[in-house]
Every structure is written in C-alpha cells, then in structure tokens.
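K.L.:
predicted model, plus sequence, below.
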Amino acid sequence: MKIDWAALGSVFGVSLVATVALVALFTLGITGLSRHERATERGGSDAVAVTGAYACFAACAAAVAYGIYLIVA
C-alpha cells in the first residue's frame, strides 16, 4: 500500500482551514450578540451587530450543511 502524501497534506490543509474559519465565524457571531446585549443594557440598539451575528451563524450552518452534503453524496 502506498500513501499519497500530497493528497493527504491537501486534505489536512483544507480541513484545518475549514475548522479555523468555522471557529472564527462562530466567535464573530457570539461577539456580535454580546455587543448587542451591551448596547441594549445602555438603552441603545445595535442592529448591525445582530444582523452580522446572524449572518455569521448562517454561514456556519451553510458550511456544515455543505460538508455533510459532500460526505453523503
């Protein structure tokens, strides 16, 4: 049995980048919701932060759904 190290390295690299991207998007979403909560406590509203947070969560969900699609298909 022969191992294709280049393909294995590519798979490792892509999975590493995808993992870091998902963690970053989820972190941005949580930060946006936290910013909105702090603004609400002060009596204001930060609708841009909420919109951005939900967009980050939607991007995470889409990336995970696409990954599941690639695994199943």
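P.N.:
That came through, no problem. None of the values given here were measured: they were computed from a predicted structure.
K.L.:
if I pick the residue nearest in space to the middle of the chain, what's in contact with it?
P.N.:
Nearest to the geometric centre of the chain sits Leu22, at 2.9 Å (CA atoms, centre = their mean). The contact partners of Leu22, by CB atoms under 8 Å, 6 or more residues apart in numbering, come to 60, 63-64. Every C-beta, even on glycine, is put in place using the N, C-alpha and C of the backbone.
K.L.:
kindly export stretch 2-18 (C-alpha atoms) in PDB.
P.N.:
Listed next in PDB are the C-alpha coordinates belonging to stretch 2-18 (Å, rounded to 0.1, in the frame of the first residue of the first chain):
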ATOM      1  CA  LYS A   2       1.300   3.400  -1.000                       C
ATOM      2  CA  ILE A   3       0.300   6.600   0.700                       C
ATOM      3  CA  ASP A   4      -0.200   9.700  -1.500                       C
ATOM      4  CA  TRP A   5       1.400  12.300   0.900                       C
ATOM      5  CA  ALA A   6       0.400  15.200  -1.300                       C
ATOM      6  CA  ALA A   7      -3.300  14.300  -1.300                       C
ATOM      7  CA  LEU A   8      -3.100  13.600   2.500                       C
ATOM      8  CA  GLY A   9      -1.500  17.000   3.000                       C
ATOM      9  CA  SER A  10      -4.200  18.700   0.900                       C
ATOM     10  CA  VAL A  11      -6.900  17.100   2.900                       C
ATOM     11  CA  PHE A  12      -5.300  18.100   6.200                       C
ATOM     12  CA  GLY A  13      -4.800  21.700   5.000                       C
ATOM     13  CA  VAL A  14      -8.400  22.100   3.800                       C
ATOM     14  CA  SER A  15      -9.800  20.600   7.000                       C
ATOM     15  CA  LEU A  16      -7.600  22.900   9.100                       C
ATOM     16  CA  VAL A  17      -8.600  26.000   7.200                       C
ATOM     17  CA  ALA A  18     -12.300  25.000   7.400                       C
END
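K.L.:
show residues contacting that stretch.
P.N.:
Counting by CB under 8 Å, 6+ apart, 63, 67 sit against stretch 2-18.
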